[in-house]
Structures are given as structure tokens and as C-alpha cells.
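> Pasted the sequence and its predicted model underneath.
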Amino acid sequence: MHGPSGPAAGPRVEGMTSPNAQQPEPRPEPEPAPRPEPGPAPRPEPEPAPRPRLVFKDPFEQQTSDDTDRGWGDASGERGLDWYRSQRPPHHGEK
């Protein structure tokens, strides 16, 4: 259904009010924001440190310390016959 129409409804005029309508009270103006006290200027925030980049290398390119004789505490890679005889387990017997 549609709203009332015809001469009984009267013309609709925007912005007009009846003489008995109350006028809105004027609103008070907002108070201005307090001003900051003078003082030392704020320091600018330091730029964040650059994020470390991930660098992927082939782990087999470099020799590790445990892959060398020095990594195990030996002086050098040269071992004589005396060294091998001194490292013989007791169950192998003396020759």
C-alpha cells in the first residue's frame, strides 16, 4: 500500500516546522585542546636496524674442524709405524 495521497494529505514541504515546534538549544563550542608546554624537542625515532639476510651456502664447501687431525688434538696427519703399533688393541697381541 502507498501512503495517503490526494488533497487531504497536503503538500509535503521540507524544512518547514509548525509554529509550536521548539527551537534546539545552541550547543556550546568545544574547549580548545591544551597546548604542550615548551621544552626540548622530541627526538625522532631511530630507524630500525636492517634485518639480517639469510645466506644459504653449500655446507660441504668448507672443511670443519672435526674433519681435520687438529680437530681431534693430533699434531699432524703424518703417522709412522710406531704410532700404529702403539695404537694396537691388546686383544691383537704382541708381534
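Here it is on my side, so go on.
> Any stretches of this protein with poor pLDDT?
Scanning the chain for pLDDT under 70 picks out the ranges 1-21, 36, 69-77, 95.
> could you pull out the helices for it?
Ranges of helices in the chain, per DSSP state H, are 81-86.
> And the strands in the chain, which stretches?
In the chain, no strands are found when defined by DSSP state E.
> which residues does Ala41 contact?
Residues near Ala41 by Cβ atoms under 8 Å, 6 or more residues apart in numbering: none. All C-beta atoms are positioned from the backbone trio N, CA, C, and that covers glycine.
> what about stretch 24-42, how long is it end to end?
Distance across stretch 24-42, first residue to last, is 45 Å (Cα to Cα, to the nearest Å).
> Begin at 43 from now on, thanks
New numbering, starting at 43: the last item is stretch 66-84.
> What residues sit buried inside that stretch?
Buried residues in stretch 66-84, counted by 16 or more other Cβ atoms under 10 Å: none are found.
> Please report how far Tyr126 lies from His134.
In this view, Tyr126 and His134 are 11 Å apart by Cβ to Cβ, to the nearest Å.
> Tell me the buried residues in stretch 124-137?
Under 16+ other Cβ under 10 Å, stretch 124-137 has no buried positions.
> if I look at Pro70, how far off is Arg77?
As it turns out, when the distance is counted by Cβ to Cβ, Pro70 lies 20 Å from Arg77.
> Phi, psi for Arg93 please.
phi -70, psi 140 (degrees, to the nearest 10).
> Give me the neighbour count for it.
By the criterion of other Cβ atoms under 10 Å, Arg93 has 6 neighbours.
> quick one, what contacts it?
So Arg93 contacts nothing (Cβ under 8 Å, 6+ apart).
> How many residues are close by Arg95?
Neighbours of Arg95 using other Cβ under 10 Å come to 5.
> Repeat that for Arg121.
There are 13 residues near Arg121, going by other Cβ under 10 Å.
> ok, now Gln105?
Other residues close to Gln105 by other Cβ under 10 Å number 9.
> any idea how far Pro131 is from it?
29 Å.
> With Pro82 instead?
Pro82 is 78 Å from Pro131, by Cβ to Cβ.
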